[in-house]
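> just the structure for this:
(one chain, ligands or ions: 1)
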Amino acid sequence: MKYIKTDISNGIGTITIDRPDALNAMNSEVVLELAHAFQSCINNESVGVLILTGTGEKAFVAGADIKSMQKMNPEQALEFGKTGQNMTKVIENSPKPVIAAVNGFALGGGCEIALACHIRVASENAQFAQPEVHLGIIPGWGGTQRLPKLVGQGEAIEMIVSGKMVSAEKALQIGLVNAVVSLDHLMKTVQGIAEAILRNGPESIALSLECIRRSSELTLVEGLDFEVKSFSHLFETAETKEGLTAFVEKRHPKFRV
Ligand code: DAK
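The predicted structure follows:
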């Protein structure tokens, strides 16, 4: 791959968007490569958790590639928007948790990619924005849908209609990120979160993610029904037997080989 690096070690798949001369901005090629890298890690049995970051100390992703969008007609814009939305769905629907290590600017499409991840940790120098209206466009990779769900409508509307930059500190305050750490500690921190996740059962993690994802599509009654059926389904699995037995036998469970 030209723009994406993948490193797999000790159950953690680290995907790095590597286009530093454009602050990791996403053209169609980068979008397709990113979706492909995620799909391969999701299909790889040795990977239990994923980390997404950007190359360098300045940007996670500075957005969709403005230079390539400048030449698009409406049909090409629709295609570009759909490809980007599919890529964010691959991330969001991953049965393995995805942690965004936001190491600088997360702007426009970059903020939207972070929103599709399950957990976000930012470095102190990170800045978030949905600046599309500065360019006469709107967020096209889910920003109008996922941002209000995460930070509430008031904060989301202000970010989207003003296009203003939000500091890492403010992002933490409004719930856009889970934690803020120094840039030096960013990767260590997300690796620590990843290692804690890897100690838990993969099937119960995947089902938890699915229940949570469905909560924004189902009514409460339907969601509770799906939750209880998922809970009962786990009792057919070796994983659940192992987890419950390990507690009774006062030992650590062995969920992964
Ligand atoms: N696209 C292309 N190139 C970019 C870029 C971007 N988003 N961001 C930065 N670059 C390039 C710069 O052009 C420059 O390249 P050269 O000109 O030197 O070749 C290089 O990266 C370094 O950038 P700067 O020289 O500007 O660096 P500074 O430190 O001075 O400024 C900055 C950093 C991040 C503040 C600035 O680069 C900036 O404002 N960048 C644009 C940020 C932005 O507006 N991002 C949002 C893009 S809009 C949709 C699909 C998708 C989307 C919407 C709809 N549909 C089809 C429905 C998504 C939209 C977006 O993401």
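
> thought residue 172 was touching residue 179?
Yes. With contact defined as C-beta atoms under 8 Å, residue 172 counts as touching residue 179 (7.1 Å). C-beta: built from backbone N, CA, C; applies to glycine.

> so what sits against both of those two?
Listed as contacting both residue 172 and residue 179 by C-beta atoms under 8 Å, 6 or more residues apart in numbering are residue 122.

> residue ranges of the strands in the stretch 51-200 of the chain, please?
Secondary structure of the stretch 51-200 of the chain (DSSP state E, counting those that start in this stretch): strands at 59-61, 98-102, 105-107, 119-123, 127-129, 166-167, 179-181.

> what helix or strand is the residue lying closest to residue 149 once chain neighbours are set aside on?
Excluding the flanking residues, the one nearest residue 149 by C-beta to C-beta, 6 or more residues apart in numbering is residue 216, at 6.2 Å. Per DSSP states H and E: residue 216 is located in neither a helix nor a strand.

> for residue 66, what are its contacts?
25, 135.

> re earlier: thought the residue nearest to residue 149 was touching residue 146?
No. If you go by C-beta under 8 Å, residue 216 and residue 146 don't touch, sitting 9.1 Å apart.

> those two: who's more crowded?
More neighbours surround residue 146 than the other of residue 216 and residue 146, with 20 against 10 (other C-beta atoms under 10 Å).

> that one contacts residue 114, correct?
No. Taking C-beta under 8 Å as the definition, residue 146 is not a contact partner of residue 114, at 9.6 Å.

> which ones are touching residue 128?
Residue 128 sits next to 102, 106, 107, 111, 114, 122, 159, 165, 166, 168, 171, 176 when contact means C-beta under 8 Å, 6+ apart.

> what about 10 Å?
Shown in contact with residue 128 (C-beta atoms under 10 Å, 6 or more residues apart in numbering): 60, 102, 105-107, 110-111, 114-115, 120, 122, 147, 151, 159, 164-168, 170-171, 174, 176-177.

> so what's residue 39 closest to, chain neighbours aside?
residue 90 (6.0 Å).
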